[in-house]
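Asks: Got a predicted model here, sequence first, then my questions.
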Amino acid sequence: MGHPAAAEVVNAVCLLFARLTQHADIKQRPTAQSAANVLWALATMGHQATAEVLDTVTTHFAHITDSPNAKQRPNAQAVANVVWALGTLKHTPSDDRLLDCFCSHFRTLLQSQDQRTRPDAQATANMLWALKELKHAPAHDVVSAMLDRLLVLCQTPGLQPKSQEISNCLLSCAALRLGVQPACVETFMYHLLGMPVSRVAHQEYCNIAWSLAVMGCLTISNFDALLRQLSFKTVFEQLPIAERQQLHHALAWLKPAQGSQQMEAWSSLRSRLQAVAPERPTTKLYVPGQSEMWAALALHSLPYKVQVPCGTYRADAVLSPCRSNGADVLMMVERPHDFITNVPRVLGHVAFRNSMLGRCGIGGGQDRAASGLLPMLNWRAVWFCLLGVSLWGGIHAPNASVLATSVYWPSSKQNAASTRSFSQLQLMTQTVTSVATVLLDFVSALLV
């Protein structure tokens, strides 16, 4: 695919295939398996076909899943391959109901009376992984059916999931903030820890530890077991920085309250983790929107610091309290891709980060500090909107979750339409209310 001529040939074949899906003679249209094969091949080659072609082939595949002829409907592997291809190509269908259609058909196959048609562990894990890549949360009954299937396969010799499949499953559930029952976690952990260490990648141990922490399912005993397995591998391998951070984030989440009986066990884990994966200073990471946030704060002459270490994270900005007895206010930039596409909530890693930042520091009055700051940022939002600048911002404070809803200042009508969510609409209402209040006060002063 490195040669330009090869890419042109693939594009021509894709265009021809897309036209065949709309052939006047229904019998001449491609089968579901053919459509799945084309999408799978494109993803495997890393060839990004046009959005129109991908949508056409995907829509054709979705229509076949509703065919009255059961023999024409795609099997579990074909459905998983289509969604996996979309996830690999990072292409969300223009009609996101197509993904719900695929999930619904996959659930039907999971619950089929015919054991031979039920998805295997690889197909199930690939579905979840692809939905994570597309930031699309499946319905609760679909998730339950997938996890139930994996639990059964864990106890079925010859069909048991591999470590990568368990890792991808838990990582996807954490990213999309899907509920996982404790019994499911225990079964996965038992199956994983029973595997030879040589068959499990260190990345999978780290992914699982972090995922369980994000979902609120991690225990000291689970972390201890995963760390023990990792200690055998790190004798010969050096853990990458990203995986070290995962482990330290997970351990920080486990930290018990001072004076707790578990503090000794936690301190022991911390010492062992430092030996396996020494903690490094939190690296500075500049993301779009930070400079605009800082400019907004500077415009209002608000005292603040940037890139401040807070536990295992860095706050994009920390506002100094206006009063001597006030508390610092932590601010983080949030962007459109930090949100799940089909439900109004942030992805798991963002929610986890916000929760961990909320643990930093002790102090009162942070609710008043955040609520007092928000109107000023709302006014700045109007100014940025007029300038055509895009910015996400979240306000957080010690011992609290998100104190002020995430706010978005659209740079264009297209951006606004594609990323608007409940929290954004709530902000718009607050902004309009603030503007109306000021105008009313101004008119009242003139009348007096």
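Replies: Arrived safely.

Asks: just for the chain, where's the confidence low?
Replies: Scanning the chain for pLDDT under 70 picks out 1-5, 234-237, 282-283, 321-327, 361-448.

Asks: That one: strands as residue ranges?
Replies: Secondary structure of the chain (DSSP state E): strands at 304-310, 313-319, 329-332, 391-396, 402-409.

Asks: Just the C-alphas of stretch 114-130, formatted as PDB.
Replies: Below are the C-alpha coordinates for stretch 114-130, written out as PDB (Å, rounded to 0.1, in the frame of the first residue of the first chain):
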ATOM      1  CA  ASP A 114     -27.600 -22.800  18.900                       C
ATOM      2  CA  GLN A 115     -24.300 -23.000  20.700                       C
ATOM      3  CA  ARG A 116     -22.400 -22.900  17.300                       C
ATOM      4  CA  THR A 117     -23.700 -19.500  16.400                       C
ATOM      5  CA  ARG A 118     -22.700 -17.800  19.700                       C
ATOM      6  CA  PRO A 119     -19.600 -15.500  19.600                       C
ATOM      7  CA  ASP A 120     -16.300 -16.700  20.900                       C
ATOM      8  CA  ALA A 121     -14.100 -14.800  23.200                       C
ATOM      9  CA  GLN A 122     -12.100 -13.000  20.500                       C
ATOM     10  CA  ALA A 123     -15.200 -11.700  18.700                       C
ATOM     11  CA  THR A 124     -16.700 -10.500  22.000                       C
ATOM     12  CA  ALA A 125     -13.500  -8.800  23.100                       C
ATOM     13  CA  ASN A 126     -13.100  -7.200  19.600                       C
ATOM     14  CA  MET A 127     -16.600  -5.800  19.800                       C
ATOM     15  CA  LEU A 128     -16.000  -4.200  23.100                       C
ATOM     16  CA  TRP A 129     -12.600  -2.800  22.100                       C
ATOM     17  CA  ALA A 130     -14.000  -1.300  18.900                       C
END
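
Asks: which of the residues in that stretch are buried?
Replies: Residues of stretch 114-130 classed as buried by neighbour count (16 or more other C-beta atoms under 10 Å): 118-130. C-beta coordinates here come from the backbone N, C-alpha and C atoms, glycine included.

Asks: Which of those fall within helices?
Replies: Residues of the buried residues of stretch 114-130 located in helices (DSSP state H): 121, 122, 123, 124, 125, 126, 127, 128, 129, 130.

Asks: In a markdown table, list those residues along with distance to residue 56.
Replies: Formatted as a markdown table, these follow (distance: C-beta to C-beta, whole Å):
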| residue | distance to residue 56 |
| --- | --- |
| 121 | 31 |
| 122 | 27 |
| 123 | 24 |
| 124 | 27 |
| 125 | 28 |
| 126 | 23 |
| 127 | 22 |
| 128 | 26 |
| 129 | 24 |
| 130 | 19 |
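
Asks: Of those residues, which pair is most distant in space?
Replies: 121 and 130 (14.9 Å; C-beta to C-beta).

Asks: just to revisit the earlier point, so which of the ones in helices among the buried residues of stretch 114-130 is the closest to residue 92?
Replies: residue 130 (10.8 Å).

Asks: so which of the buried residues of stretch 114-130 would you say is closest to residue 253?
Replies: Nearest to residue 253 among those, with distances taken as C-beta to C-beta, is residue 128, at 22.4 Å.

Asks: right, and that closest one touches residue 173 too?
Replies: Yes - Residue 128 lies in contact with residue 173 (C-beta atoms under 8 Å); the separation is 7.1 Å.

Asks: Residue 133 reaches residue 89, doesn't it?
Replies: No - between residue 133 and residue 89 there is no contact under C-beta under 8 Å: 9.2 Å.

Asks: okay, and the common contacts of those two?
Replies: With C-beta atoms under 8 Å, 6 or more residues apart in numbering applied, the contact sets of residue 133 and residue 89 do not overlap.

Asks: where do the helices sit along the stretch 1-150 of the chain?
Replies: 4-20, 32-45, 51-65, 76-88, 97-110, 121-133, 140-154 (DSSP state H, counting those that start in this stretch).

Asks: try the stretch 151-300 of the chain
Replies: Under DSSP H, counting those that start in this stretch, the stretch 151-300 of the chain gives helices at 163-175, 182-193, 202-214, 220-233, 241-254, 263-276, 290-299.

Asks: From the chain's centroid, how far away is the fifth one?
Replies: Relative to its chain's centre, helix 241-254 lies at 17 Å (C-alpha atoms, centre = their mean, to the nearest Å).

Asks: for it, packing partners?
Replies: If contacts are counted by 3 or more C-beta pairs under 8 Å, 6 or more residues apart in numbering; DSSP states H and E, helix 241-254 sits against helix 202-214, helix 220-233, helix 263-276, helix 348-358.

Asks: Could you check the third one and say which residues are buried?
Replies: So the one you mean is helix 263-276. 265, 266, 269, 270, 272, 273, 276.

Asks: who does that helix touch, helix- and strand-wise?
Replies: Judged by 3+ C-beta pairs under 8 Å, 6+ apart, the packing partners of helix 263-276 are helix 220-233, helix 241-254.

Asks: Go through those and pick out the most buried.
Replies: Mean neighbours per residue, mean count of other C-beta atoms under 10 Å, is largest over the helices and strands packed on helix 263-276 for helix 241-254, with a mean of 20.

Asks: okay if I get the helices of the stretch 151-300 of the chain as JSON lines plus distance to residue 137?
Replies: Conversion of the helices of the stretch 151-300 of the chain to JSON lines gives the following (distance: least, C-beta to C-beta, whole Å):
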{"stretch": "helix 163-175", "distance to residue 137": "9"}
{"stretch": "helix 182-193", "distance to residue 137": "17"}
{"stretch": "helix 202-214", "distance to residue 137": "14"}
{"stretch": "helix 220-233", "distance to residue 137": "25"}
{"stretch": "helix 241-254", "distance to residue 137": "22"}
{"stretch": "helix 263-276", "distance to residue 137": "32"}
{"stretch": "helix 290-299", "distance to residue 137": "28"}
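
Asks: Quick check: which of these is nearest to residue 48?
Replies: The stretch from the helices of the stretch 151-300 of the chain with the least distance to residue 48 (C-beta to C-beta) is helix 163-175; that distance is 22.8 Å.

Asks: what angle separates that closest one from helix 182-193?
Replies: Orientation of helix 163-175 against helix 182-193 (axes from the mean of the first three to the mean of the last three C-alpha atoms, to 10 degrees) gives an angle of 150 degrees.

Asks: Tell me who's in contact with the residue lying closest to residue 147 once chain neighbours are set aside.
Replies: Nearest residue to residue 147, sequence neighbours excluded (C-beta to C-beta, 6 or more residues apart in numbering): residue 184, at 5.3 Å. Listed by C-beta under 8 Å, 6+ apart, the contact set of residue 184 reads 147, 150, 151.

Asks: which among those residues gets closest to residue 306?
Replies: Nearest to residue 306 among the contacts of residue 184 is residue 147, at 41.8 Å by C-beta to C-beta.
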